[in-house]
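**Student:** quick one, fold the following:
(2 chains)
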Amino acid sequence: MALAVVKSATTMMSPDKPRPMVSIDSVTMSFGTFIAVQNVNLTVADGEFLAIVGPTGCGKSTILNAIAGLLKPASGTVSIDGAPVDGVQNNIGYLFQQDALLPWKTALENVELGPMFKGTGANERREQSMKWLAKVGLKGFEQRYPHQLSGGQRKRVQMAQALITGPKVILMDEPFSALDIHTRHLMQNELLALWQEERRAVVMITHDLEEAIALGDRVVVLAAGPCSHVIDSFPVDLARPRDVSEIKLDPRFMDLYRNIWSSLRGEVEKSYERHD
Amino acid sequence: MNAMTERMIQLGLLVVIVGGWQLGVEAGVIDVFFFPAPFDIMKQIVAWIIDPGFYRHVSITLTETVLGYVIGTALGVAAGVWLGLSRGAYRILDPFIKALNAIPRVVLAPIFVLWLGLGLWSKVALSVTLVFFITFFNAMQGVREVNPVVLANARILGAKRSSLLTHVYFPAAASWILSSLRTSVGFAVVGAIIGEYLGASAGLGYLIAQAEGNFDAVGVFAGIMILAMFVLIIDRILDIAEARLIKWSPHSTESRAT
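**Tutor:** Next up, the predicted model:
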């Protein structure tokens, strides 16, 4: 099913339609004979926060990996800012679900990786990294190794690491699912604050519908796998800036939740029937 | 049980074993030809320790051990990282590596003596063959077990192949190698000693072989004790080195889960 880009009016100053940052055209991802996702069409506008929800095992992550260039689609094309994705992309930021920090480098050295690989001078990248660590609330933790940080602090380092390079697109794969609920709300709010500062296209995968609505401009529902595809798209017209823990009490939030859940529920049930 | 009591029990055990042995010798129950008196062994050890000529033997064995260890580790890391990264090369070379590793290293000693003479290098070569495979398998494992998420993250951040090697693969392999440091140093010592034992003009293995040739059980036992101390001291040095080198790793007592 093709999707029209629906952009909430609250974002852009310019009157014309924002340009598409990520385009996914009839993409099919397969592993051998197993088809994870089939014929997916999605467009993410510049500055748009897209949340993708779907039952477990529906191939959500493969879509992200196709955008990142980590996996090659079996058919169809992905492009970022008009340029087709071929090989691993360096103009994106990727927040993984798991710990992706190098355990043998300190928080500061981890944040420095992106600028270092891109050839930024030692002093400049140190300065930038210190600034970013302070920005994610980790001033004073620069010399800690990942194992000396809590789960939430490691996530913050990862955020700084992914955002320091000024990526065109930010990809997130259930980034906060491993955190406890309070830390998660805190991190979601901080993520929104950072994003609000400098809006970029975001594609976030989650199985948490509340998170999807609270953070996203648009929520896309994927069908149960295999051969998963987009079944629905809901614009989220809640005002920004949002507070993640308070927005859940907003009646409009609840309406949206009810609508999207009615679409998602069937898929979740299907997915359970197949897996049990 | 507190640490003090444990120490006392350890000391007590030592006194009972050594004391019983000495008493057995005095009472004529134990034949000193096979089991010399602990007191005589101690005297021999002390005699060696105060003899400046003895340290020539120690330094030769130490040199062989260190050279064997360093060369074996370097080759092992290089080969391990290479074959860990290249599945194709691994598949081709795998049977050869298995065959080489299956050779009992001791039988290579005469060949090394033939090739390299009775000097230092035949012992180093034997050490290298022992150390190489341990480091090699660990380095290969380390490279293969690099967390794919960490790797993907580094690539997205812009790491090219050379940066991936220096920032991801080598440090990942290093932690595996360091964890096997103790085993491979033990083998480096074994290689040096066996080499000396089979044919040399100096070294701790040579001392033992010479004592054995004279049916001097005291010398053999004293040599064994000296070797044990030698390895314990190296072990202690490694403890310190390890703590300095992998300061990023949680201590082994804490959880390793990531």
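
**Student:** which bits of chain A sit near chain B?
**Tutor:** Contact residues (CB under 8 Å from any CB of the partner chain) of chain A with chain B: A:68, A:70, A:88-90, A:92-94, A:96, A:98-106, A:113-114, A:117-118, A:145-147, A:161, A:165. Glycine gets a C-beta too; all of them are placed from N, C-alpha and C.

**Student:** could you report the neighbour count for B:Ala174?
**Tutor:** As a burial measure, B:Ala174 scores 17 neighbours (other CB atoms under 10 Å in any protein chain shown).

**Student:** filter the residues of chain A next to chain B down to the ones in strands?
**Tutor:** With strands taken from DSSP state E, the overlap with the residues of chain A next to chain B comprises A:Ile92, A:Gly93, A:Tyr94.

**Student:** and these, which is closest to chain B?
**Tutor:** A:Tyr94 (4.9 Å; CB to the nearest CB).

**Student:** ok and the residue in the stretch 1-150 of chain B nearest chain A?
**Tutor:** B:Val149 (4.8 Å).

**Student:** residues in contact with that residue?
**Tutor:** Going by CB atoms under 8 Å, 6 or more residues apart in numbering or on different chains, B:Val149 touches A:Phe96, A:Gln98, A:Asp99, A:Ala100.

**Student:** and the furthest pair within the residues you listed?
**Tutor:** Pairwise distances across the contacts of B:Val149 peak at 7.7 Å for A:Phe96 and A:Asp99 (criterion: CB to CB).

**Student:** joint contacts of the two?
**Tutor:** A:Gln158, B:Val149.

**Student:** for chain B, which helix is longest?
**Tutor:** When chain B is parsed with DSSP state H, its longest helix is helix B:54-85.

**Student:** what does chain A give?
**Tutor:** Longest helix of chain A, by residue count under DSSP H: helix A:251-275.

**Student:** and the pLDDT for the residue of chain A positioned farthest from its centre?
**Tutor:** Farthest-out residue of chain A from its mean C-alpha position, per CA atoms, centre = their mean: A:Asn123, at 30.5 Å. With respect to pLDDT, A:Asn123 scores 91.

**Student:** ok, B:His251 next?
**Tutor:** The confidence metric pLDDT takes the value 54 at B:His251.

**Student:** in the worst-scoring helix or strand of chain B on mean pLDDT, which residues are buried?
**Tutor:** Least confident element among the helices and strands of chain B, by mean pLDDT, DSSP states H and E: helix B:170-179 (a mean of 79). By neighbour count with 16 or more other CB atoms under 10 Å in any protein chain shown, helix B:170-179 contains the buried residues B:Phe170, B:Pro171, B:Ala172, B:Ala173, B:Ala174, B:Ser175, B:Trp176, B:Ile177, B:Leu178.

**Student:** show me where chain A has its strands.
**Tutor:** Here chain A has its strands, by DSSP E, at A:20-31, A:34-45, A:49-53, A:75-80, A:83-84, A:92-95, A:169-173, A:201-206, A:218-222, A:230-235.

**Student:** so what's the residue in the stretch 101-250 of chain A positioned nearest to chain B up against?
**Tutor:** Distance from chain B to each residue of the stretch 101-250 of chain A (CB to the nearest CB) is smallest for A:Phe117, at 3.5 Å. Shown in contact with A:Phe117 (CB under 8 Å, 6+ apart): B:Ala154, B:Leu157, B:Gly158, B:Ala159, B:Lys160, B:Ser163.

**Student:** list the buried residues in the longest helix of chain B.
**Tutor:** Neighbour counts using 16+ other CB under 10 Å place B:54, B:57-58, B:60-62, B:64-69, B:71-73, B:75-77, B:79-85 of helix B:54-85 among the buried residues.

**Student:** what's the answer for stretch A:144-164, then?
**Tutor:** A:144-147, A:149, A:152-164.

**Student:** equivalent analysis for stretch B:84-91, please.
**Tutor:** For stretch B:84-91, burial by neighbour count (16+ other CB under 10 Å) applies to B:Gly84, B:Leu85.

**Student:** who's in contact with that stretch?
**Tutor:** With CB under 8 Å, 6+ apart, stretch B:84-91 has contacts from B:Trp82, B:Leu83, B:Ala139, B:Met140, B:Gln141, B:Gly142, B:Val143, B:Arg144, B:Tyr169, B:Ala173.

**Student:** at 10 Å what do you get?
**Tutor:** Stretch B:84-91 is contacted by residues B:79, B:82-83, B:92-93, B:97, B:136-137, B:139-146, B:161, B:164-165, B:169, B:172-173 when judged by CB atoms under 10 Å, 6 or more residues apart in numbering or on different chains.

**Student:** now it: average pLDDT?
**Tutor:** Stretch B:84-91 shows a mean pLDDT of 90.

**Student:** that stretch: how far from the chain's middle?
**Tutor:** The chain centroid and the centroid of stretch B:84-91 are separated by 28 Å under CA atoms, centre = their mean, to the nearest Å.

**Student:** over to stretch A:196-214?
**Tutor:** For stretch A:196-214, the distance to the chain centre is 6 Å (CA atoms, centre = their mean).

**Student:** and the end-to-end length of it?
**Tutor:** Using CA to CA, to the nearest Å, one end of stretch A:196-214 lies 14 Å from the other.

**Student:** for stretch A:87-101, same thing?
**Tutor:** Terminal residues of stretch A:87-101 are spaced 22 Å apart (CA to CA).

**Student:** may I see the buried residues of it?
**Tutor:** Judged by neighbour count (16+ other CB under 10 Å), stretch A:87-101 contains these buried residues: A:88-90, A:92-101.

**Student:** of these, closest to A:Leu179?
**Tutor:** Ranked by distance to A:Leu179 (CB to CB), the buried residues of stretch A:87-101 are led by A:Gln97 at 10.5 Å.
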